[in-house]
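Colleague: only geometry, no sequence info:
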């Protein structure tokens, strides 16, 4: 898929336009392609900058990279403002800047909030598509925040699920997720964490936790787990011992061991970098993926800059094609 942006002038693509022009299928294809490019060495991420700024309890930083295959160059600037919900704003705020790789000129400014949610859900959906058992029927959701609805909708397109079981540290948030499940024609049940693991064939963790919410002994053979919430040093969603019994995959190994869920398992010497496989290798067919039906597979979704650039590039191209992009003069 051609993800190049038309470089005839600078355009702005706002949040509302992103919602209009890009679909879950578009995001899935763009992220899958860039994961494959990363595994081939055709694309690479720049080092992540992520800092507590000492104001409004905010985390702020930059993610960027270059995809030689898609000729996509740029960065996403943004972070997390925990007080935004009280102001009627999304806690996660970001903007993507795309540049012409041949000249370095800015070609697009793209709203990153909706796209971040879309690309994160695409990442876990890709892991389900390539690693979960084909006969998976029960989806477990640990977390019921803003991102969870995106995760649920994307996951439901990858397997023929018939039920969703969910747990959230704030139970009052679960009915909203249950409504999404109902819209998808899926049964929904709020359960304990242990019961969730006992029932689930696929588990998605999407929280901002700093301690394990899923223990190794609870997980049944054959389960696929997508750990999507840990993207900063200190965050944690699952028992580190789980990495010792699972086949472990990730978007990028360097981020997985430093700011992803694997950081704790590596620190405790449960696994090493060599025990983690890039999901792109499975996409490219150079790794078989799931070994057996009884294997536990785990995807550490850390969120790489190239994901953001891939979906923003598609959104910018589609907005231009539909005449919805706003021209800018700098």
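Modeller: Looks like it arrived, so ask away. This is a predicted model, so every value here is computed, not measured. Numbering: from 1, shown residues only.
Colleague: Wait, residue 157 touches residue 125, no?
Modeller: Yes. Counting by CB atoms under 8 Å, residue 157 touches residue 125, with 6.7 Å between them. C-beta: built from backbone N, CA, C; applies to glycine.
Colleague: For the stretch 151-300 of the chain, just list every one of the helices.
Modeller: 174-183, 193-199, 242-245, 253-258, 262-267, 279-284 (DSSP state H, counting those that start in this stretch).
Colleague: Scan the protein for its longest helix.
Modeller: In terms of residue count, the longest helix belonging to the chain (DSSP state H) is helix 113-131.
Colleague: how many neighbours does the residue nearest to residue 58 when sequence neighbours are not counted have?
Modeller: Distances taken as CB to CB, 6 or more residues apart in numbering put residue 81 closest to residue 58, at 4.7 Å, once the chain neighbours are dropped. Neighbourhood size, residue 81 [other CB atoms under 10 Å]: 20.
Colleague: confidence score at residue 81?
Modeller: What the model reports as pLDDT for residue 81 is 95.
Colleague: which residues in the stretch 201-330 of the chain form strands?
Modeller: Here the stretch 201-330 of the chain has its strands, by DSSP state E, counting those that start in this stretch, at 202-205, 210-214, 224-227, 236-238, 246-250, 276-278, 296-300, 326-328.
Colleague: most neighbours per residue, which of those strands?
Modeller: With neighbours defined by mean count of other CB atoms under 10 Å, none of these is more surrounded on average than strand 224-227, at a mean of 29.
Colleague: Residues touching it, excluding its own?
Modeller: Residues from elsewhere that reach strand 224-227, judged by CB atoms under 8 Å, 6 or more residues apart in numbering: 123-124, 127-128, 131-133, 136, 201-205, 214, 219, 237-238, 242, 246, 260-261, 290, 296-301.
Colleague: so who does the nearest residue to residue 171 once chain neighbours are set aside touch?
Modeller: Spatially, and ignoring its direct neighbours in sequence, residue 171 is nearest to residue 190 (6.6 Å; CB to CB, 6+ apart). The contact partners of residue 190, by CB under 8 Å, 6+ apart, come to 165, 166, 167, 171, 174, 178.
Colleague: Kindly report the same for residue 147.
Modeller: Shown in contact with residue 147 (CB under 8 Å, 6+ apart): 117, 120, 121, 206, 228.
Colleague: Please report how far the third one lies from residue 31.
Modeller: The reference is to residue 121. In this view, residue 121 and residue 31 are 9 Å apart by CB to CB, to the nearest Å.
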